[in-house]
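K.L.:
Provide a 3D model corresponding to the input given below.
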Amino acid sequence: MQVCEAIARAVTRECVGAPVFSLIGDANLQIVGALGRHTNASQCFARDEGAAVAMADGYAQASAKLGIATVTSGPGLTHAATSLLGASRLHTPMVVIAGDTPLRRPAGIQEMQSMDQRRFVEACEAHFQALRSVASLGDDIASAFHRARFERVPVVLSVPLDLQAMEVPAGWTYQPSGAEPMVLEPGPAALRTILETLHSAKHCLILAGRGAIRANARDDIIQFADKIGALLGTTLLAKGLFDASPWSIGVVGGFSSPAAMELLRETDAILAFGAELGHFTTQAGSLLRGRRVIRVDVGPMTKTAPLQNMIEIRADARATAAALCAAWDDAARTGFRSASTRARLSAPATDDAPVAGDLIDPRELMRALGSALPEEAQVITGGGHFWSFPCLYLAQPKKGSFFCPLGAAAVGQALPFAIGVAMADPRRPTLAVEGDGSLLMNIQELDTAVRHRLPLVLVIMNDGALTAEVIKLKALGYDPNLAIYPSPGFAEIARGFGWAAVTLKGGDRIADIVARHDWQAGPLLIDARISRDVVVDPVSLKDLGRRQ
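P.N.:
Residues are numbered from 1 along each chain as shown. Prediction:
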C-alpha cells in the first residue's frame, strides 16, 4: 500500500460518509485517485480551490461534522486563502489535504510552485500539519484530524509529492483520532454564580449564538427564559432560533428593530449562550457596558477582549441551561413579560416610501420569498449591501437553518458555501441569496451545482452595481459610477450551465416561481432586478448602552 492510499483510507475512517471537496492537480492527483480507487468516499469536484474549501466549510457547518477538502500545491493552496481565513474566523472544523512539492529539491513546474506552506497557512489563521515521513504517517494524519475536531479549526495537512508514492510497511493500520469531545457540564460554583447574578436583576436578556445551536440548547434556554421573565435574542449566525417565541426580539445588534433596540437599552443583565459577543452584536461593546454579563461557552472569546465585569463560564450551553432550570427554585418572575412588552414587539415596523419605477423593492422581494420557502429550507446569504435585505426581511423557515459565510467579510462566498450546505443533506431545499458582483467571483461553480443536481435556488439581488462601494464613493465625494457596471444576462449564463433560470422584473411574483419549482429536479437561478434606491446600513453603530 502506498502513502496516498493510506491517506485515502484514513480519511474515510475519520469521516464516514462525508464527501471530499476537491480540485485535482499534480500534487494531489494521487490522493484523489486513491480515494476513487480504494474507498467508497463520494467526491465533489469544484472548479476553483477556494470554492472547494468554501464547500467543505458549508458542509461542516450544516452537518455538524468535519469538512474535508483537497487541493494541489502552489496556486492550488493560495487560491484557498480567503476560504481558509473565513472558516478559521467561524471556527469551522475542517481538514484540507494539500499536496506539496517534493521534499527533495523540486524541479520544473514543481520548483515554480514551491512555497513555504506553513507560513502561508498560518497567515490565513489556520493550523498547519506536515506529513513528515512514512514512519510518522499515522500520527501526522491523526494529529490533523484530532486538532480540527476538538479545537474546531481548519487544519491543512501538507503532503509532499514524493512521499505519496512511497510504500507503507506491511500490516500498517490507521487508528482514528478519537470520538467527539465530551459535554462540559457546569460545576456547582458556576451555577451558583449565574443564579446569584440573575436573582438581583430585573430585566434580563438571554442571547444565543451558534454554540447554542451546536449544543441543541434551544428548548432548555426557552424554558429557563420563561422562569426568569427574560427576552430572547440571537446573534446573526443564530437567526431564527427563537422565532416561535412571542418574547423573541430577533437578531441583536445592527439588525435589531427599533423596538428591540429600545428594549435592549432597558436590560440590566445579559446571559449569553454560545455567543462570541463581537463588534456588531454588541454594537462596539455598548450592549455590555453598565450591565452584568455572563457568557457560557465551551471556548474562550477570541476576537473581542473580555470585559473586566464579565463572568465567563466554560461549559456546554444545553447542559448549563438544563441545570439552571433544575436549580431555579423561585416562582417564575415577570421581568420583561408584560402586555406592554408584547405590544412593543408586535407593533408593525415602518419602512421608507415604496420604490418607484419598474425595478423591484428588495424589501418586498425578501418578504415574498420568505413566505414561499419550504419550512425545512436552509438559507445562506452572501455579503454586500444586499445582505441587509435577507437578514432583515426574509422570514426564517420554521425548521430551517441560517448561514452567513462572512468570517473574513469577503463577498463571493455564498454559492460555493451553499453547495456544501446542500450536500450535507440533499433532501432539504437550500436557498442562497447573492449579489450580482459577488456571483461573478465564483460563477464557475454553477457547473458544480448542476453536476450534482442539487436542490438549490440561487436568488441574485441584481442592482447592476457594487452598491456598498457606490454609497461610500458618493459619501467621500468621488464619482459613484466607478462602481456601477452593466449586468450580464445571468439567466442566459445559468441556462448555458444547465440550470433552470428566470429573470425577475417589477410586477413578477417570486413566490409563485418558488412555489412551482421542483427542488429535487435540480438548481434554479432567479435574476431579480432590484432598485438601488433602498439603502440599509446595519454597519453604522447604534448606542445600546443601558438606560437608567
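K.L.:
Let's test this: name the helix or strand in this protein with the lowest mean pLDDT.
P.N.:
helix 109-112 (a mean of 76; mean pLDDT, DSSP states H and E).
K.L.:
Show residues contacting that one.
P.N.:
Contacts to helix 109-112, defined as CB atoms under 8 Å, 6 or more residues apart in numbering, come from residues 26, 27, 73, 74, 101, 102, 105, 161. C-beta: built from backbone N, CA, C; applies to glycine.
K.L.:
after that helix comes which helix or strand?
P.N.:
helix 117-123 (DSSP states H and E).
K.L.:
what's the model's confidence in the helix or strand following that following helix, averaged?
P.N.:
Sequence-wise, the next helix or strand downstream of helix 117-123 (DSSP H and E) is strand 127-130. Mean pLDDT, strand 127-130: 96.
K.L.:
any idea of the mean pLDDT in whatever helix or strand comes next after strand 127-130?
P.N.:
Going down the chain from strand 127-130, the next helix or strand is helix 137-151, by DSSP H and E. For helix 137-151, the mean pLDDT works out to 93.
K.L.:
which parts of helix 137-151 are buried?
P.N.:
Buried residues in helix 137-151, counting neighbours by 16 or more other CB atoms under 10 Å, are found at 137, 138, 140, 141, 142, 143, 144, 145, 146, 147, 148, 149.
K.L.:
For residue 51, see how far away residue 266 is.
P.N.:
Distance, residue 266 to residue 51, using CB to CB, to the nearest Å: 45 Å.
K.L.:
low-scoring stretches of this structure, by residue?
P.N.:
179-181, 302-308, 350-352, 548 (pLDDT under 70).
K.L.:
Would you mind giving the domain segments of it?
P.N.:
Listed by automatic domain parsing, the domain ranges of the chain are 3-164, 188-346, 362-529.
K.L.:
Looking at the ones you listed, which is nearest to residue 538?
P.N.:
domain 188-346 (3.5 Å; CB to CB).
K.L.:
Look up which helix or strand the residue of the chain most remote from its centre falls in, please.
P.N.:
For the chain, the largest distance from the centre (CA atoms, centre = their mean) belongs to residue 170, which lies 42.6 Å off. Following DSSP H and E, one finds residue 170 outside all helices and strands.
K.L.:
Wait, residue 401 touches residue 373, no?
P.N.:
No - contact criterion CB atoms under 8 Å: residue 401 and residue 373 do not qualify, at 11.9 Å.
K.L.:
right, and the domains of the chain - which one's nearest residue 545?
P.N.:
Of these, nearest to residue 545 by CB to CB is domain 188-346, at 4.8 Å.
K.L.:
if you count what's nearby, which of residue 266 and residue 51 comes out ahead?
P.N.:
Shown here are residue 266 and residue 51; by other CB atoms under 10 Å, residue 51 has more neighbours (28 against 15).
K.L.:
which ones are touching residue 243?
P.N.:
250, 395, 396, 398.
K.L.:
same thing with residue 284?
P.N.:
residue 541.
K.L.:
Now do stretch 464-479: distance from first to last residue.
P.N.:
For stretch 464-479, the first-to-last residue distance is 16 Å (CA to CA, to the nearest Å).
K.L.:
again with stretch 369-380
P.N.:
Note: stretch 369-380 ends 13 Å apart using CA to CA.
K.L.:
Which residues does that stretch contact?
P.N.:
Counting by CB under 8 Å, 6+ apart, 58, 62, 390, 393-405, 414, 417-418, 421-422, 425, 428-433, 459, 510-512, 514-515, 519 sit against stretch 369-380.
K.L.:
hang on, the earlier thing: from the contacts of helix 109-112, which land in helices?
P.N.:
The helices, defined by DSSP state H, take in residue 161 from these.
K.L.:
For the contacts of helix 109-112, work out which two are farthest apart.
P.N.:
Maximum distance among the contacts of helix 109-112 (CB to CB): 16.4 Å, for 26 and 105.
K.L.:
These two: which is more packed in?
P.N.:
residue 26 (16 against 9).
K.L.:
List the residues that contact that one.
P.N.:
Contacts of residue 26 by CB under 8 Å, 6+ apart are 72, 73, 99, 109, 110, 161.
K.L.:
among those, which two are most distant?
P.N.:
For these, and using CB to CB, no pair is farther apart than 99 and 109, which are 12.3 Å apart.
K.L.:
Looking at those two, which has the bigger crowd around it?
P.N.:
Neighbour count, other CB under 10 Å: between residue 99 and residue 109, residue 99 has more, with 28 against 13.
K.L.:
Residue 10 versus the more buried one, what's the distance?
P.N.:
Residue 99 is 16 Å from residue 10, by CB to CB.
K.L.:
same check, this time on residue 182
P.N.:
Distance from residue 182 to residue 10, by CB to CB: 24 Å.
K.L.:
Give me the more crowded residue out of those two.
P.N.:
Taking other CB under 10 Å, residue 182 and residue 10 do not tie; residue 10 has more neighbours (25 against 7).
K.L.:
Using TSV, please lay out the domains of the chain together with distance to residue 536.
P.N.:
As requested, the domains of the chain are exported to TSV (distance: least, CB to CB, whole Å):
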stretch	distance to residue 536
domain 3-164	23
domain 188-346	9
domain 362-529	4
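K.L.:
Give me the three-state assignment for the spatially closest residue to residue 526 that is not a sequence neighbour.
P.N.:
Leaving aside its chain neighbours, residue 526 sits nearest to residue 459 (4.8 Å; criterion: CB to CB, 6 or more residues apart in numbering). Classification of residue 459 using DSSP: H, G, I helix; E, B strand; the rest coil returns strand.
K.L.:
what residues are up against residue 459?
P.N.:
369, 431, 432, 433, 434, 510, 526, 528.
K.L.:
Also residue 74?
P.N.:
27, 101, 112, 113, 114, 115.
K.L.:
those strands in the stretch 251-400 of the chain, which residues are they?
P.N.:
Secondary structure of the stretch 251-400 of the chain (DSSP state E, counting those that start in this stretch): strands at 269-273, 292-297, 310-314, 378-381.
K.L.:
Spell out, range by range, the strands that occur in the stretch 1-150 of the chain.
P.N.:
20-22, 43-45, 67-71, 94-100, 127-130.
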